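J.: Provided below for reference: sequence and predicted model.
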Amino acid sequence: MAETSPASQPSRLREGLRAYLLISAMWIRSLMAYRVSFAMTAFGNFAVTAFDFAAILLMFSQVDRLGGYSLSEIAFLYGVSCTAFGFADLAMGSMDRLGRRVRDGTLDTLLVRPAPVIAQVAADRFGLHRIGRLTQGSLVLVYALVAVDVDWTPLKAAMVPLMLLCGAAIFAALFVAGGAFQFLAQDAAEVQNAFTYGGTTLLQYPPTVFAKDLVRGVTFILPLAFVNWLPALYVLGRPYPLDLPEWMAFTPPAVAAACLGLAGLVWRSGLRSYRSTGS
């Protein structure tokens, strides 16, 4: 079953955004009815994600550099990756619930509503508590920007918000593609998480600590390297392990747009292949 063809792409986007905001606001009001519970859950999310950076601090209690990088440089990689992922997780993290809806048949109720299915799935049980991860990553990024030894120029300064925006878009595309995969493999949330949550953990460390085959894979196959490695190494004045040209650091917007476009195609294909419980 596929979504009804819209009159125009701009109207479709407006309709989807409006539905997403309305559904998200409904879930936020529901969460705020139990403020203490929300605060504890958000703090728990903050604390759990902080353990990742605590592990890095423990490593640096024994060494001065990791893969040739200082603590402030790795904090920069960590902060960009965690913050970009935090935005995507906050906005699209509910996509991993799609497989459950396909299995129990509740996806059918979304198909008959006058709103894009993807907006309804993304906003389903909107998890505002995920702001804990975003806050934690942002704090580490602020520390890194203050501590890192970089000769800042206007171009390098502009790269920081560009990395966050493009990184969030790339992770969002992974969430959408992972959700589409669940139309076929109805119990594949963990597979999706391996690429999303696993991807951001990978990017928290410099590429020099990984085998070159893995670095090639996340550069040319699953383009996670464009979230932070390529642009961040330009900011830090570090060479990329694969000896790519410097201009590749400025390609994340094009890569993010391509990822979003491909994810949209995969989503539409998965939705067309879906057969409801009543068919």
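T.: Okay, I see it.

J.: mind checking how far residue 163 is from residue 121?
T.: Remark: distance between residue 163 and residue 121 (CB to CB, to the nearest Å) = 27 Å. Backbone N, C-alpha and C define where each C-beta goes, glycine included.

J.: these two: which has the busier surroundings?
T.: Counting neighbours by other CB atoms under 10 Å for residue 163 and for residue 121 shows that residue 163 has the greater number, 28 against 25.

J.: which residues does that one contact?
T.: Counting by CB atoms under 8 Å, 6 or more residues apart in numbering, residue 163 touches 80, 84, 227-228, 231-232, 252.

J.: so residue 178 makes contact with residue 96?
T.: Yes - between residue 178 and residue 96 there is a contact under CB atoms under 8 Å: 7.0 Å.

J.: what helices and strands are in contact with the helix or strand bottoming out on mean pLDDT in the chain?
T.: Comparing every helix and strand of the chain by mean pLDDT, DSSP states H and E singles out helix 98-104 as the least confident one, with a mean of 85. Using 3 or more CB pairs under 8 Å, 6 or more residues apart in numbering; DSSP states H and E as the contact criterion, the neighbours of helix 98-104 among helices and strands are helix 107-111.

J.: the helix it packs on - what's its average pLDDT?
T.: The average pLDDT within helix 107-111 is 88.

J.: on that earlier part again, identify the contacts common to residue 178 and residue 96.
T.: The overlap between the contact sets of residue 178 and residue 96 (CB under 8 Å, 6+ apart) consists of 192-193.

J.: settle it for me: which of these two has more neighbours?
T.: residue 178 (24 against 21).

J.: now rank the contacts of residue 163 by neighbours and give me the top one.
T.: residue 227 (31 neighbours).

J.: hang on, that one packs against residue 165?
T.: No - under the criterion of CB under 8 Å, residue 227 lies out of contact with residue 165, with a separation of 10.7 Å.

J.: mutual contacts of these two, please.
T.: Once CB under 8 Å, 6+ apart is applied, the residues that residue 227 and residue 165 both contact turn out to be residue 84.

J.: run through the stretch 101-250 of the chain and note the low-pLDDT ranges.
T.: Low-confidence segments of the stretch 101-250 of the chain, defined by pLDDT under 70, are located at 186-188.

J.: mind listing the helices for it?
T.: With DSSP state H, counting those that start in this stretch, the ranges of helices along the stretch 101-250 of the chain come out as 107-111, 117-123, 131-147, 154-181, 189-203, 212-216, 229-236.

J.: compare those helices and give me the one nearest residue 88.
T.: Between residue 88 and the helices of the stretch 101-250 of the chain, the shortest separation by CB to CB is 3.5 Å, and it involves helix 154-181.

J.: in that closest one, what counts as buried?
T.: For helix 154-181, the buried set under the neighbour-count rule, 16 or more other CB atoms under 10 Å, comprises 159-160, 162-164, 166-181.

J.: next one: stretch 246-260
T.: 248-249, 251-252, 255-256, 259-260.

J.: redo the residues you listed as CSV? Include distance to residue 117 and secondary structure.
T.: What follows is these, written out as CSV (distance: CB to CB, whole Å; DSSP: H, G, I helix; E, B strand; the rest coil):
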residue, distance to residue 117, secondary structure
248, 36, helix
249, 36, helix
251, 31, coil
252, 28, helix
255, 26, helix
256, 23, helix
259, 20, helix
260, 17, helix
